[in-house]
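J.: sequence? don't have it. structure:
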C-alpha cells in the first residue's frame, strides 16, 4: 500500500460518517417541514370539524293567540309583528316550571339563541296552519351551551372561573336527560351571514363576496394577462428599451409585497377615481394587478413551449402573424395558460392584506348582490373571526379555514387535471 | 342608463355591426361578379366595422366613468360660497364629504344647513345630467362609428391589416399595464409620503426611536404626542424576518439538496406536492395558526424554563413565517441546484469525493449566486409579509432585539393605521404611506439586487 492510499484509508471512516450526517440533515429538514404541515393541518381540522355542527335544543312551542297576539288567518304583516319571542320564552318556562325571579328567568331565556323567534316566524309564515297548535322542533342553543356540550368547559373549575353557571349546568343536565339537547350538522353555517352571535354566524356573505371579487379578477386579469403575454412572446421586438422596461416591471411586480397593492388601491382607485369602498369591484381591481404577473409569466412559458415548426407551417401557408398566433399558437398553449390562471386565481382567493386596506373588513350583514355592494371575502372573514374573543368563534374560524382550503385544493386539483389531460410533449 | 346596461347595449350593437359589415363586404364584391375580389376576408370587414362601432364608445365610456366623480366633486366644491373656502381648505373638504354622504344616504330633505343642502342638490343634478349626457354621447359615438366603418367598406379596403393593427396596439396597451401599475404605486405612495414629510421631517421619521402615531385632536389631550420615529418598526421587522430566515434558509436549502441529490423518485413524488401544499396555504391561515397554537406553545415552553415570554412574541411570528418561506426557498434552490450540469458531479465523484463532499465543494459553490438570489427574494418576502405578523405580532412599538418580547413591524403598523377610522389628511394616515414607501423601496432594492446577482454571477456551463 502506498502512503497516499494509507492516508485516504485512514480518513475514510470519518468521511463516511460526515456523509451520513449530511444526509441525515437533509432528511430531517424534510421531516421537520412535513411535521409542520401535518401539525398545522391537524390543528385546523381538529378544531374546525366541530365548527360544522352546532347544539340544538328541542322546544315544544305553543303557538297560541294570547301569546302571539295574532290568531289564525293573520296576514303576513301581522305575523311579522307578532310576539314570537314570548312563545319561545313560554316554552322554556313550561320546561322548567320551578324557575322564578327576574334574573333566573333571564338566564333561562339565554339558553336559546336570539334568532329562534325569527326562525319560528319564518316557519309560521311558510305554514300558517301552525297557528293555534303546538310546534315541537329544534332551535339553536346559545354558544356557551354549545361550547360546554363540545367539551371545552371544565366542570371542576370553580363557578366564577367559567362562562357557564352551575344553575345553567343543571338545566343542561336536565335537558340532556330528556334528550332535548342534540349536536347536529349546522346548515346555518352555510346559509347565514356574519353575526355577532357565534352560533348564528355563517359564511354566506363572505362566500358571495369572494365569488364576485374573483369574478371581477378573472374577467380582467385573464384577457389582459394573455394579451400581454402574447405581445411579449410573439410580437415584441428584441432589444427594445420599452419591452425591456415592461419585462423588468413584470418581474418586479411579482415580488412587491401585497400590502403595497392595497395602498395603491386606496390612493388611486378609491381616493382618486372614486370607486366605492369595500366593494368586490375595487377588491377585484387590486387583485387583478396582483395576479397579472403570475398569469403573464405562466402564459409566456406556455407560449414558449409551442414548437416554432407550428408557427413556420402557418407562415408557410400564408397566414399573417396575428392569424398564426390566434389560430395555432394560442389554442395549443391554452392548457398551460389555463393552469397558470387557475393557480393565480387560487393565490388571489387566499389574499387578505391588500383587501384590508380598501375597507373589505366591514361587518357585512347582507349578502352582496353585485359588484358594487359592500362585501367581505372568505380570508378576511377568517381574520375577523380570529379576532373575536369568544371561544366559540375559534372553531368557526377553523371551519371557515377548512372551507377556504377546500376551495383552494379544488382549484389546484383542477389545475393538475388540466395539465395531465391536455399537456403535450413536443 | 347605468354602466352595465350600456355595456350590454354596446355588445349588441357590436355584434350587429359585425354582421352588417360582413354582409356589406360580400354585397360589394358580388356586385362586381367576383372580378374585383375582396382584399380581406369578409370576417375582417365585419371585425373592422365592429371596432369602429365599439372602440371609440368604450374608450369614452371608460374615461367618463373614471373622471365623472372627481370632476363633479370639483365643480360642486367650486360652486360652494366663498366663505366656506375662506375658513380653510380642510373645511371645504369636510363640507364636500358631508354633501357626498347626504347624496349617498338620500337624506337631502332632512338636512338643515342651507349651504350643504344646495350643494347636495347641485351634486345630484350634475350626477343625473352626467348620466344622461353619457348615454347620449356613447350611443351617438357607437352609431356614428358604425356608419363611418360601414361606408368605408370597399373591395380594396385593407381591413385585415387595420384589424391586426388594432389588436397589436391593444396587446401593447395590456403589456404596458405593468409599467402603469409600477408608476401608480410609486406616485400614490410618493405623493402621500411627501405630504407626510411636510408635517414630519424625514430624519425624524428615519432615525427617531419613538413611535406612537396617536395625534392629539386637542392640544391639551394627554398621550397624544404623535411621534413618528420608525426605528422600532424597522428593528421589529428585521428581528422577525431574521428569525424567519434562520428557519427557512437552512431547512429550505437542505430540503432542496436532499430532494435533488439523495431522494428516491418515490419520496420526491410525495414530498414535492406536499411542499407545494405548504406554499399554497393562505397567509391568514398561517397567522391563525401562529396566534392560536404556536404562540401559546412557546409561551408555555418558555414558562417551563422560567423565561417570561410575551404571548405575542417575535419568536412565534418569525417561526411560522419561516415555515411559510420553506417551500419558496426550497423550490428556488431546487431550480439552481438542478441547473448545475451533471458533468461537474461526475468529475467530482471520479476524483473519489463522497456525495456530501461533492455537494459542499462543487455544487453549492457553483449554485451560490442562485442561492444568494433565493435568499434575497425570501428576505424581501419576509419583510413584506403582512397577515402573519398582523395576527401574531404585537402592536406596541418597542425597541428591543429580544425575540421573546412582543415587537411590531412596518406592515402591522400600515394595517393598524389604515383600518381604523380614518381621516385622509391626518399625519397618522399619511404615515402609513410613508411606511409603504419605505417598504416598497426596501423590497425593490432586494429584488433588483437578487436578479442582478443571479444574472451577473451565473456560471455559463454550455
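T.: On my side now, so go ahead. Predicted model only: the values in this text are computed from it and were never measured.
J.: three-state assignment of the nearest residue to residue B:296 once chain neighbours are set aside?
T.: Spatial nearest neighbour of residue B:296, chain neighbours left out: residue B:311 (6.9 Å); criterion: CB to CB, 6 or more residues apart in numbering or on different chains. C-beta here means a position set from N, CA and C on the backbone, and glycine is covered the same way. Following DSSP: H, G, I helix; E, B strand; the rest coil, the label given to residue B:311 is coil.
J.: my guess is residue B:311 meets residue B:295, correct?
T.: Yes. Using CB atoms under 8 Å, residue B:311 makes contact with residue B:295 at a distance of 5.8 Å.
J.: Neighbour count: the two, which is higher?
T.: Counted by other CB atoms under 10 Å in any protein chain shown, residue B:311 and residue B:295 do not tie: residue B:295 has more neighbours, with 25 against 13.
J.: can you pull the pLDDT of residue B:422?
T.: The confidence metric pLDDT takes the value 56 at residue B:422.
J.: Strands of the chain, residue ranges please.
T.: You didn't pick a chain, so chain A it is. A:53-62, A:134-140, A:181-185 (DSSP state E).
J.: meant chain B, my bad for not saying
T.: In chain B, the segments counted as strands under DSSP E are B:211-215, B:225-228.
J.: how about the residue of chain A at minimum distance from chain B, phi and psi?
T.: Chain B sits closest to residue A:257 of chain A, with a gap of 2.5 Å, by CB to the nearest CB. Per-residue torsions, residue A:257: phi -60, psi 140 (degrees, to the nearest 10).
J.: quick one: it and residue B:332, what's the gap?
T.: The spacing between residue A:257 and residue B:332, counted by CB to CB, to the nearest Å, is 17 Å.
J.: Next: residue A:164.
T.: As for residue A:164, its distance to residue B:332 is 51 Å (criterion: CB to CB).
J.: Those two: which is more packed in?
T.: The neighbour count for residue A:164 versus residue B:332, taken as other CB under 10 Å, is higher for residue B:332 (22 against 17).
J.: which residues sit in contact with residue A:17?
T.: For residue A:17, no residue meets the contact criterion (CB atoms under 8 Å, 6 or more residues apart in numbering or on different chains).
J.: What distance do you get for it to residue B:366?
T.: Using CB to CB, we find residue A:17 at a distance of 25 Å from residue B:366.
J.: my guess is the residue of chain A closest to chain B contacts residue B:441, does it?
T.: No. Checked against CB under 8 Å, the pair residue A:257 and residue B:441 is beyond contact range at 11.5 Å.
J.: okay, those two: which has more neighbours?
T.: For the pair residue A:257 and residue B:441, the greater number of neighbours falls to residue A:257 (25 against 12), based on other CB under 10 Å.
J.: For the residue nearest to that one when sequence neighbours are not counted, grab the count of nearby residues.
T.: Setting aside the residues directly before and after it, residue A:257 is nearest to residue B:384 in space (CB to CB, 6+ apart), at 2.5 Å. As a burial measure, residue B:384 scores 24 neighbours (other CB under 10 Å).
J.: Show me how chain B divides into domains.
T.: B:3-157, B:225-457 (automatic domain parsing).
J.: For residue A:384, find the nearest of those domains.
T.: Evaluated with CB to CB, these place domain B:225-457 nearest to residue A:384, the distance being 10.2 Å.
J.: now that closest one, how far from the centre of its chain.
T.: Average the C-alpha atoms of domain B:225-457, do the same for its chain, and the two points are 20 Å apart (CA atoms, centre = their mean, to the nearest Å).
J.: what do you get for stretch A:307-327?
T.: Distance, centroid of stretch A:307-327 to centroid of chain: 44 Å (CA atoms, centre = their mean).
J.: ok, now stretch A:357-377?
T.: Distance, stretch centre to chain centre, for stretch A:357-377: 14 Å (CA atoms, centre = their mean).
J.: Spell out which parts of the stretch 301-450 of chain B neighbour chain A.
T.: Contact residues, the stretch 301-450 of chain B versus chain A (CB under 8 Å from any CB of the partner chain): B:323, B:326-327, B:330, B:352, B:354-357, B:359-360, B:377, B:380-381, B:383-387, B:390-391, B:411, B:414-415, B:418-419, B:424, B:432-433, B:436, B:439-440, B:443-444, B:447-448.
J.: try the stretch 101-250 of chain B
T.: Residues of the stretch 101-250 of chain B lying near chain A (CB under 8 Å from any CB): B:160, B:163-164, B:167-168, B:170-172, B:174-179, B:181-182, B:184-185, B:188-189, B:191-192, B:250.
J.: Restricted to helices, list these.
T.: Members of those lying in helices (criterion: DSSP state H): B:160, B:163-164, B:167-168, B:170-172, B:174-179, B:181-182, B:184-185, B:188-189, B:191-192, B:250.
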